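1. for reference, the sequence and a predicted model appear below.
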Amino acid sequence: MAHSPTKVTRLGSKLLAGAIVVTIGATSAVAQVAQPCIGASLELAGPLAHTGLQVRLGAETAIDEINAAGGVLGQKLKFIAYDDQGEPSRAVDNGRRIGEKDNCVAMVGGFRSPNALALREPIDEMGLPWVGVISAGTRVIEWEKGVNKWMFRVSMKDRWVGPFLVDEAKARSKSGKIGLMFEATGWGQGAVPDVEAAAVAKGLPLVGKETFNIGDQDMSAQLIRMRDAGADTLIMYVVDREANQILRSMERIGYKPTIVSAWGISSQLGKTAGALTDGILVAGTFAWNGDLTPRAKKVYEAMAAKFNLQSPNDILLPSGAANAYDGIYIIAEAIKLAGAFDRDKVREAFYKVKYEGLTAKFDPAFEKAAPGAIAERHDAIKPSQYRLLAFHENVLKAVEQTPFKR
Amino acid sequence: MEQILQFVLSGLSQGGIYALVAIGYYMMWAATKAANFTHGDIFMLGAVSTVILAGLGIPLPLAMPLAILLSAAAGALIERVAVRPFNQGPSSVGWMLTTIAIGLMMESAFTATYGPLGKPLYSPLAQSPIRISGTGIYPQELLIPVVAIAIMLALEIFYQRTIVGRAMLAVAANRIAAGLMGINVNRISMIAYAMAAGIGALAGILLAPVAEASPAMGALIGLKAFVIAIVAGMSSARGVVFVALAYGVLEKMIEGFISTGARNAIGFGVMILLLLIFPNGIFGKREVVKV
């Protein structure tokens, strides 16, 4: 038998509904005024824990500098880093914590593109400005569906890296025969269409495409095929461990092509592969080894003191650390322009930030869509600002400071 | 022809690593009828602890045996705390959980302390390759299958000519009867685990100069070596080494003539097929249980 609601229960329902409305209203009001903190979801433990550290190197050094100079809008900035262990689900949890519980004014992204992709929906829902400083996945910024309002990046973009590598490979190749070696991961496989299209556009179709698995110890089979195809220049999408094995395999079969690599290769390779790395070219945004500008030197000294670095070569992801440094400054500049710790205003201010960073001169950092156009530019570093680094004497330097400059 | 020679040489080197690790599974299975799933991590322990000891300034000729001894002690300890208490009945499987858990703990502990990245281990035999026509191999890699075969022969002599070796064979044949004959079965099992761990650690030390020493290096090799030991039949070191070397070459042929991506799928597929054809393993004997 069904009971009709009594007056008491109807009154209770109204009170409850009223309470919910008041609570939602209060929450929105709180969200309007964010806290002077910048959150981050990074790998701080696990097999790629060093990647989280690289972000901390740049971000915390920048925050220390900003706070030493008086902070932003009279308040000291705080950097809050949570560990996501490389898992997208944990990155989403961390993003929610940063956006809702900590109520930070902005968030910084870490190494893995899948984590950044998983954050797209919650970031959009919370209206939290997010600045990626390493993950280069094209779809992090260029969404297949919907409009990306909140995700920005101070890093490289895969769609732009492919043509950059092809240009360099073409310039370096004597025979005009270029091959592609890529790891069998989303990153490596995802790069193939971009590289192939760029190679065709340059009139140099790839003479070979070879893949390998993470953990492989001998790539002689793939390299013999590449050698027999006549490739004198190889474009690579590889990370340090497998890069070492590729170099070993090249040495085994006496094959010494020019290598032009995406930035999966880090300073670590010089430590493990030693002299075999000499001459390897790597796309990047910054190098800490070699001669530095007075400002970069000062930043390195602060990093070294804070994180007990023995040499610039201890910065394993040189571009990532520099991107993180610039990313924090761009957020701080946007807050200053916004005049408030207000996420909406900070987002709008991103398009007005003018700042000369370590990695590039941002003028402005990001751009709104031109009238009639669809896409906004949410990638701060343009492909024309990408740099070429090279291994020389086991360390990764700006190519201009090595014998491998063109 | 050049390619085939390269695949055979590289395959024998890889197979030699599988062989050294798989011999350990065979020894431990013979002693306790249990598989120690930390064995891949013991392989890692040998390599990583050598790098750590060398980093502390201990000369390599001393660091390597020290790492092997340390790993052997770890193997004995694992038998005592993670296998023996959980392997008291014919259907006990608790050792699976405990050994898998300890393996994961070891990997996590080394990732946190040693660092997640690989570190090089110096060997004069891994500095420049020997080139034959358009192929090549480091002397260090050639050494690996040679050591695997030498260990296999040494084990056969050990089993046949020493009291402890004969006791191990007796325990392998019938644990209860061996105990009734006065053999300290638990001690023999512990020695078998220690020896297996020492050989596994040696494999890690041999591989590290060409493949870096890292906390994650043992996971896949441990799994493949276990599969190899099962397919070989867990009944003789000779059978295990033969299957391991053949599997190493097969992997390289698949990589070379089909694709790298197909390596594990086809390789494991072949192993499953072999197990269907030889349910007791290629060199295994059907166990007769008298009731």
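-> Cool, the structure landed.
2. enumerate every residue touching the residue of the stretch 101-250 of chain A found nearest chain B.
-> In the stretch 101-250 of chain A, the residue found nearest to chain B is A:Ala221; the distance is 3.8 Å by C-beta to the nearest C-beta. The C-beta positions use only the backbone N, C-alpha and C, and glycine is treated the same way. By C-beta atoms under 8 Å, 6 or more residues apart in numbering or on different chains, A:Ala221 lies in contact with B:Gln3, B:Gln6, B:Phe7, B:Ser10, B:Lys252, B:Glu255, B:Gly256, B:Thr260.
3. go again with 10 Å.
-> A:210, A:212, A:249, A:253, B:3, B:6-7, B:10, B:252-260, B:263 (C-beta atoms under 10 Å, 6 or more residues apart in numbering or on different chains).
4. next one: B:Pro59
-> Counted by C-beta under 10 Å, 6+ apart, B:Pro59 has contacts B:Leu53.
5. nearest spatial neighbour of A:Arg139, chain-adjacent residues omitted?
-> A:Leu117 (6.1 Å; C-beta to C-beta, 6 or more residues apart in numbering or on different chains).
6. secondary structure class for that neighbour?
-> Of the three states, A:Leu117 takes helix under DSSP: H, G, I helix; E, B strand; the rest coil.
7. might one say that it is in contact with A:Pro88?
-> Yes: at 7.4 Å, A:Leu117 and A:Pro88 qualify as touching, with contact defined as C-beta atoms under 10 Å.
8. and the pLDDT for whichever residue of the stretch 151-291 of chain B sits closest to chain A?
-> Nearest residue of the stretch 151-291 of chain B to chain A (C-beta to the nearest C-beta) works out as B:Gly256 at 3.8 Å. With respect to pLDDT, B:Gly256 has a value of 85.
9. separation between the residue nearest to B:Leu60 when sequence neighbours are not counted and B:Gly200?
-> Ranked by C-beta to C-beta, 6+ apart and with sequence neighbours excluded, the top spatial neighbour of B:Leu60 is B:Ala54, at 5.7 Å. Using C-beta to C-beta, to the nearest Å, one obtains 19 Å as the distance from B:Ala54 to B:Gly200.
10. which of these two has more neighbours?
-> B:Gly200 (37 against 20; other C-beta atoms under 10 Å in any protein chain shown).
11. confirm that the more buried one sits in a helix.
-> Yes: using three-state DSSP, the secondary structure at B:Gly200 is a helix.
12. so who does it touch?
-> Shown in contact with B:Gly200 (C-beta under 10 Å, 6+ apart): B:20-25, B:27-28, B:36, B:38-46, B:68, B:71-72, B:74-75, B:218, B:221-222, B:225.
13. disregarding flanking residues, what is the spatial nearest neighbour of the residue in the stretch 1-150 of chain A that chain B sits nearest to?
-> Nearest residue of the stretch 1-150 of chain A to chain B, counting by C-beta to the nearest C-beta: A:Pro47, 4.3 Å away. Nearest residue to A:Pro47, sequence neighbours excluded (C-beta to C-beta, 6+ apart): B:Pro116, at 4.3 Å.
14. what about that neighbour, distance to A:Leu44?
-> B:Pro116 is 11 Å from A:Leu44, by C-beta to C-beta.
15. check B:Leu169 too.
-> According to C-beta to C-beta, B:Leu169 and A:Leu44 sit 50 Å apart.
16. check which helices and strands the helix or strand encompassing B:Gly40 sits against.
-> Under the criterion of DSSP states H and E, B:Gly40 resides in helix B:39-55. The elements that helix B:39-55 packs onto, with contact taken as 3 or more C-beta pairs under 10 Å, 6 or more residues apart in numbering or on different chains; DSSP states H and E, are helix B:2-32, helix B:60-78, helix B:94-113, helix B:185-211, helix B:219-232.
17. if we can go back for a sec, between B:Leu169 and A:Leu44, who's got more neighbours?
-> Using other C-beta under 10 Å, the more surrounded residue of B:Leu169 and A:Leu44 is A:Leu44, with 20 against 13.
18. on that earlier part again, return the residues in contact with the residue of the stretch 1-150 of chain A closest to chain B.
-> Shown in contact with A:Pro47 (C-beta under 10 Å, 6+ apart): A:Gln85, A:Gly86, B:Glu107, B:Ser108, B:Thr111, B:Gly115, B:Pro116, B:Leu117, B:Ser214, B:Pro215, B:Ala216.
19. try 7 Å this time
-> B:Thr111, B:Pro116, B:Ala216 (C-beta atoms under 7 Å, 6 or more residues apart in numbering or on different chains).
20. looking at this, the last one is in a helix?
-> No: assigned with three-state DSSP, B:Ala216 falls outside any helix and is coil.
21. ok, now which ones touch it?
-> Contacts for B:Ala216 (C-beta under 7 Å, 6+ apart) come out as A:Pro47, B:Glu107.
22. please redo it, this time with the cut-off set to 10 Å
-> B:Ala216 sits next to A:47, A:214-215, A:241, B:40-41, B:44, B:107, B:110-111, B:116-118 when contact means C-beta under 10 Å, 6+ apart.
23. tell me the pLDDT at it?
-> Per-residue pLDDT puts B:Ala216 at 90.
24. before we move on, what about A:Gln189?
-> 89.
25. up against chain B, what does the stretch 1-150 of chain A have?
-> Listed as neighbours of chain B in the stretch 1-150 of chain A under the rule C-beta under 10 Å from any C-beta of the partner chain: A:Glu43, A:Ala45, A:Gly46, A:Pro47, A:Leu48, A:Ala49, A:His50, A:Thr51.
26. so where's chain A uncertain?
-> Within chain A, the segments meeting pLDDT under 70 span A:1-32, A:372-374.
27. map the structural domains onto the sequence of it.
-> A:32-156+A:295-382, A:159-262 (automatic domain parsing).
28. now do the same end-to-end measure for the last one.
-> Across domain A:159-262, the terminal residues are separated by 12 Å (C-alpha to C-alpha, to the nearest Å).
29. now do A:Leu396 against B:Ile149, distance only.
-> 42 Å.
30. quick one: which helix or strand includes A:Val108?
-> Element membership for A:Val108 (DSSP H and E) is strand A:104-109.
31. coming back round to it: quick one: which of A:Leu396 and B:Ile149 has more around it?
-> A:Leu396 (31 against 17).
32. just say helix, strand or coil for the residue nearest the centre of chain A.
-> Centroid check for chain A by C-alpha atoms, centre = their mean gives A:Ile134 as the closest residue, at 1.4 Å. What three-state DSSP gives for A:Ile134 is coil.
33. next, count neighbours for A:Asp291.
-> Neighbour count of A:Asp291, defined by other C-beta under 10 Å: 11.
34. for it, list the residues it contacts.
-> Residues near A:Asp291 by C-beta under 10 Å, 6+ apart: A:Lys297, A:Lys397, A:Ala398, A:Glu400, A:Gln401.
35. hmm, back to that, part of a helix, is the residue nearest to A:Pro47?
-> No: applying three-state DSSP, one finds B:Pro116 to be coil, outside a helix.
36. quick check: phi and psi on it?
-> phi -80, psi -20 (degrees, to the nearest 10).
37. quick one, what contacts the residue nearest to B:Arg84 when sequence neighbours are not counted?
-> Using C-beta to C-beta, 6+ apart and skipping residues adjacent in sequence, the residue nearest B:Arg84 is B:Asn186, 6.5 Å away. Neighbouring residues of B:Asn186 by C-beta under 10 Å, 6+ apart: B:Ala31, B:Thr32, B:Glu79, B:Arg80, B:Arg84, B:Val171, B:Gly179.
38. quick one: the second one from B:Ala72, how far?
-> Here the criterion is C-beta to C-beta. By it, B:Thr32 lies 16 Å from B:Ala72.
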